[in-house]
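Enquirer: Give the three-dimensional model of this entry:
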Amino acid sequence: MNNLNIKYHILYIFILLLFINFNFILAQDKKTSLQNDKRKIEKEIELTNEMLQETRQNKKVSLHQLNILNTQIKKREELINVLRGEITEIDNEINAYNKQIAKHEQNIIYLQQGLAKLIYNAYKTRKSHDRLMYIFSAKDFNQALLRIKYLKLYGQYIKSNAEQIKVTRDNLNKTVENLKIAKEEKIQIIALQEREKEKLARDTKEKNEIVNKLKKKENQLRQTIKKKEKEAKELQDAINKLIQQEIAMSAKKTGIKPVKNSVILAPEEVALSDDFNSNKGKLPWPIEQGFISGTFGSHPHPVLPGIVIKNNGLNFTSVKGGMARAVFNGKVTAVTSIPGYNNVVMIRHGDYLSVYANLETVLVKTGDKVKTKQDIGTIYYDKDENNYVLHFELRKGTGILNPADWLLK
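Expert: Predicted coordinates:
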């Protein structure tokens, strides 16, 4: 193997290792993202588990308990999927390490072969000519200088190849050690995944038991559904009435006929509306701690077949002492009471309206300007269900929006 081939091979190995390392960095980024997701989900499961412990102290089964279990089951499934993703990434990492090890070993072999060739050539040169004789046998002074330079460079090249072998061996040892760590991490994650699967099976069994118990209360559940449907209609009527009043007042104030049932906005309100719109998908939750226990739209009842539940917003189950907070800067346009929803606060954000229902106490009044994440009231405690649930809605003009599209995931 000549010197030029050795150089090209080293360059090829270097480029290949760069490519492997680049893919490895991308994999590490994905792995870090999965680990962050795992920590977030584990924290959510910890919260639902604490809530479940509280409901279990009350021997009476309820839809609230079922909601928590459903949420916990969903989070456990998400966690198992994340763990599965972590295992896949670690497998990719192990494969990358194995490729690195193979390339390091191959590189060492080529470097050793090249170094042996160089040393052999140097030995032959030394054997056939003494260094001084080799220099003094030059035809002239310039050739002698060139021979001195050649011998010096040749020696440096041999030393450089020897150092490259040492560096490559060190890299190989580090990669082998990283491979061992990755394999151990994989074993731990697989064990965690199996434990989560066992917990998921227990949660699913408990959920089925609660559903069976609740089915025995069918008449009571149907009465509760009718009552809640009536209360939900009263809430929608109150929201619609407020919006129509605002539209009429803005039209009277400006003398401009409203377009598409929208409130006529002042320039600063238009800017606020645009700002709200630009934050779609980034708005904070209206609670600090808790989970979504009721999603937007029409859904089958969790216990009674053939019954469909409609929700014009999102329900957030919070913790004891939980506060409702504004999702964006705005102005309080109404504070009212509605049967079944207790105190209700409505905040206008330009052309958008956010609604916070089922408050125990209210910390703001009509006309107040509020800031993003400002506390606006405490969430009502339902003694029958033993829960704290905030009902949250979003409107644009008279149109009903799905809050899930607007809030931070």
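Enquirer: All the strands of the stretch 101-250 of the chain, residue numbers only.
Expert: Using DSSP state E, counting those that start in this stretch, the stretch 101-250 of the chain contains no strands.
Enquirer: what helix or strand is Lys43 on?
Expert: Mapping Lys43 onto the secondary structure by DSSP states H and E places it in helix 3-57.
Enquirer: same check, this time on Asp384
Expert: Here Asp384 sits in a region with no helix or strand, counting by DSSP H and E.
Enquirer: By mean pLDDT, which helix or strand of the protein comes out lowest?
Expert: Least confident element among the helices and strands of the chain, by mean pLDDT, DSSP states H and E: helix 131-136 (a mean of 52).
Enquirer: quick one: contacts for Leu242?
Expert: By C-beta atoms under 8 Å, 6 or more residues apart in numbering, the contact set of Leu242 is 333-334, 346. Using the backbone N, CA and C atoms, a C-beta is placed for each residue, glycine as well.
Enquirer: Can you add pLDDT and give those back as a markdown table?
Expert: As requested, those are exported to a markdown table (pLDDT from 0 to 100):
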| residue | pLDDT |
| --- | --- |
| Thr333 | 94 |
| Ala334 | 93 |
| Met346 | 96 |
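Enquirer: The nearest residue to Ala324 once chain neighbours are set aside and Tyr381, how far apart?
Expert: The spatial neighbour of Ala324 that comes closest, neighbours along the chain excluded (C-beta to C-beta, 6 or more residues apart in numbering), is Tyr356 at 4.7 Å. Applying C-beta to C-beta, to the nearest Å, one obtains 16 Å for the distance of Tyr356 from Tyr381.
Enquirer: neighbour-wise, which of the two wins?
Expert: For Tyr356 versus Tyr381, the count of surrounding residues by other C-beta atoms under 10 Å is larger for Tyr356: 29 against 15.
Enquirer: Identify the residues contacting that one.
Expert: Counted by C-beta under 8 Å, 6+ apart, Tyr356 has contacts 286, 324, 344-347, 376-377, 390-392.
Enquirer: try it again with 10 Å
Expert: Residues in contact with Tyr356, defined by C-beta atoms under 10 Å, 6 or more residues apart in numbering, are 286-287, 313, 316, 324-327, 335, 341, 343-347, 362, 364, 376-377, 379, 390-393.
Enquirer: again with Ile239
Expert: By C-beta under 10 Å, 6+ apart, the contact set of Ile239 is 312-313, 334, 336, 338, 344, 346, 353, 355, 357, 393, 395, 398, 400.
Enquirer: do Leu221 as well
Expert: Remark: with contacts taken as C-beta under 10 Å, 6+ apart, Leu221 is in contact with 63, 214-215, 301-304, 307.
Enquirer: Repeat the analysis, applying 7 Å as the threshold.
Expert: 214, 303-304 (C-beta atoms under 7 Å, 6 or more residues apart in numbering).
Enquirer: Write a ChimeraX command that selects only the buried members of the residues you listed.
Expert: The following ChimeraX selection, which keeps only the buried ones among the contacts of Leu221, applies the criterion 16 or more other C-beta atoms under 10 Å:
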select :214,303,304
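Enquirer: quick check, nearest of the contacts of Leu221 to Lys252?
Expert: Looking at the contacts of Leu221 and their distance to Lys252, the nearest is Leu304, at 47.2 Å (C-beta to C-beta).
Enquirer: thought that closest one was touching Lys216?
Expert: No. Under the contact definition of C-beta atoms under 7 Å, Leu304 does not touch Lys216, with a separation of 11.7 Å.
Enquirer: where in this protein is pLDDT low?
Expert: In the predicted model, the chain carries pLDDT under 70 at residues 1-28, 58-59, 108, 110-162, 165, 255, 258-261.
Enquirer: Understood, closing this out.
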